[in-house]
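Chemist: structure for the following, please:
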Amino acid sequence: MLQVAVKRDLACTTVVYLFDLLALKNTQHTSRVLQEVLQSSALVKIGYGMYEDLGALVARMGDCCATAHPQLDIMHAMVALAPAGIIPPRSLSDACDALLGQSLDKTQQCSAWGNRPLTDAQRQYAALDAYCLLMLYDKLLERAIQHDLSLPTHRLCWPEGPKPPQINKVMISPNITNTRFYKPWPEGDSPRFVCDDMLEGLARQLRLCGVDAASVYGVVGAGHQLPRHQVHRVLVDLAHLEQRVVLTKDKSFVRAGYIDCAWLVQGTHRHTQLEEVLHAFDIRVGMDDVMSRCSRCNGELLEEMFTRDTVPVQALGNVPPVGVGKSGIWVCGQCYNCYWQGMQYARARLHLKERFGKKAGGGDAVLQNV
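Modeler: Predicted coordinates for the structure are as follows:
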């Protein structure tokens, strides 16, 4: 979808045009019109993160869209106006919140954009994405005039620069080098993740290490198969609401840029995936951490150790068989699942120490019921 917002008369009436690139034929006439618009010196092309947008346009329509001049990237402009008290944003929604006093409604961001016809809500969302850019430009221009500053314009070429600055960029991927890791959780807080539906095994492994790892299945229930766009919506909502980094195997999710805090997991087995995440986020696992979280629901285990006779009434259906769990029973405070030291205790402890080496602390407790 190509959205174009234009102020077209003296009254500054803004009109937004939506061009369906899936239906738009790449004819010689179409190519010429696009090239004239993108390279017209009389039209300033305003966007947010335009380098990626231009690349997507080139991929669909060809080299006629490879150059935009003059262009003004709201992201660049907000960096240039830092002396005027402008704080560089992490997203277009953040920019709207800072300058317009209202963030964008991103509900339709992960909807099924490949389906036709588009819904009214999708068309309104697409139009608003372009319309807000003109409003942001007006606010920035006003601030620039007040502080005797200028808004920078550039000649933007794909696949050459200038690329948008990485401002507090939260996009985390092994394929992106020299990118500062942005962690959405507050300084001093423990790491928080949400795993997509292809990484449920990784979610359980992280929980066994005491790491807060929500998952898609934890929200919709195991066995429920959601369309990809709905899975994406769950991931985005949880990440925003609970300040989590998304762990995903879905390259299309990362490529679409639905959210800035996403790590594309490279490993193919839950154990190697676990090592990858622990290393990437510098998470140190102590044996005390292992006994802190439920591998089933991600809830925290109650601090008190129980016996068969003292477990909470909600956990009575989950207690181990008679003669098992004599050393104590751990109970999840959320789903009331029970855990105890079993036959695999020593092997699991050895496995943890061998796999994580220095990342594992002292102690000697590993969950049996996993």
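
Chemist: and residue 16, which of the three is it?
Modeler: Secondary structure, DSSP: H, G, I helix; E, B strand; the rest coil: residue 16 is strand.

Chemist: contacts only, for it.
Modeler: 3, 4, 5, 6, 127, 130, 131 (CB atoms under 8 Å, 6 or more residues apart in numbering). Placement of C-beta: from N, CA and C, glycine included.

Chemist: I'd like the residues you listed as JSON lines, with secondary structure, distance to residue 233 and pLDDT appended.
Modeler: Converted to JSON lines, the contacts of residue 16 look like this (DSSP: H, G, I helix; E, B strand; the rest coil; distance: CB to CB, whole Å; pLDDT from 0 to 100):
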{"residue": "3", "secondary structure": "strand", "distance to residue 233": "21", "pLDDT": "92"}
{"residue": "4", "secondary structure": "strand", "distance to residue 233": "26", "pLDDT": "93"}
{"residue": "5", "secondary structure": "strand", "distance to residue 233": "25", "pLDDT": "92"}
{"residue": "6", "secondary structure": "strand", "distance to residue 233": "31", "pLDDT": "91"}
{"residue": "127", "secondary structure": "helix", "distance to residue 233": "20", "pLDDT": "94"}
{"residue": "130", "secondary structure": "helix", "distance to residue 233": "22", "pLDDT": "94"}
{"residue": "131", "secondary structure": "helix", "distance to residue 233": "23", "pLDDT": "94"}
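
Chemist: what's the ChimeraX line that selects buried ones from these?
Modeler: Command for ChimeraX, covering only those of the contacts of residue 16 found buried under the criterion 16 or more other CB atoms under 10 Å:
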select :3,5,127,130,131
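
Chemist: residue 35: which of the contacts of residue 16 is nearest?
Modeler: residue 4 (14.4 Å; CB to CB).

Chemist: would you mind measuring from the closest one to residue 88?
Modeler: Distance of residue 4 to residue 88, computed by CB to CB, to the nearest Å: 26 Å.

Chemist: ok, residue 55 next?
Modeler: Counting by CB to CB - residue 55 and residue 88 are separated by 22 Å.

Chemist: what's the answer for residue 199, then?
Modeler: Residue 199 is 31 Å from residue 88, by CB to CB.

Chemist: quick one, which of those two is more surrounded?
Modeler: Summary of the neighbour comparison: residue 199 and residue 88, criterion other CB atoms under 10 Å, with residue 199 having more neighbours (27 against 18).

Chemist: gap between the nearest residue to that one once chain neighbours are set aside and residue 25?
Modeler: Sequence neighbours aside, residue 247 is the residue nearest to residue 199 in space, at 5.6 Å (criterion: CB to CB, 6 or more residues apart in numbering). Per CB to CB, residue 247 is found 40 Å from residue 25.

Chemist: and these two? Which one has more around it.
Modeler: Applying other CB under 10 Å to residue 247 and residue 25 shows that residue 247 carries more neighbours, namely 26 against 6.

Chemist: any idea of the mean pLDDT for the helix or strand where the more buried one lies?
Modeler: In the assignment (DSSP states H and E), residue 247 maps to strand 245-248. The predicted model assigns strand 245-248 a mean pLDDT of 93.

Chemist: helices or strands up against that strand?
Modeler: Under the contact criterion of 3 or more CB pairs under 8 Å, 6 or more residues apart in numbering; DSSP states H and E, strand 245-248 touches strand 192-195, helix 228-242, strand 262-264.

Chemist: now the ones you listed as TSV including distance to residue 61, mean neighbour count and mean pLDDT?
Modeler: Compiled in TSV, the helices and strands packed on strand 245-248 are given as follows (distance: least, CB to CB, whole Å; neighbours: other CB atoms under 10 Å; pLDDT from 0 to 100):
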stretch	distance to residue 61	mean neighbour count	mean pLDDT
strand 192-195	35	26	95
helix 228-242	24	19	87
strand 262-264	27	22	90
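
Chemist: so for residue 217, which of these sits nearest?
Modeler: Per CB to CB, nearest to residue 217 of the helices and strands packed on strand 245-248: strand 192-195, 8.8 Å.

Chemist: just checking: what are the partner strands of the closest one?
Modeler: Strand 192-195 pairs in its sheet with strand 212-215 (parallel), strand 245-248 (parallel), by DSSP bridges.
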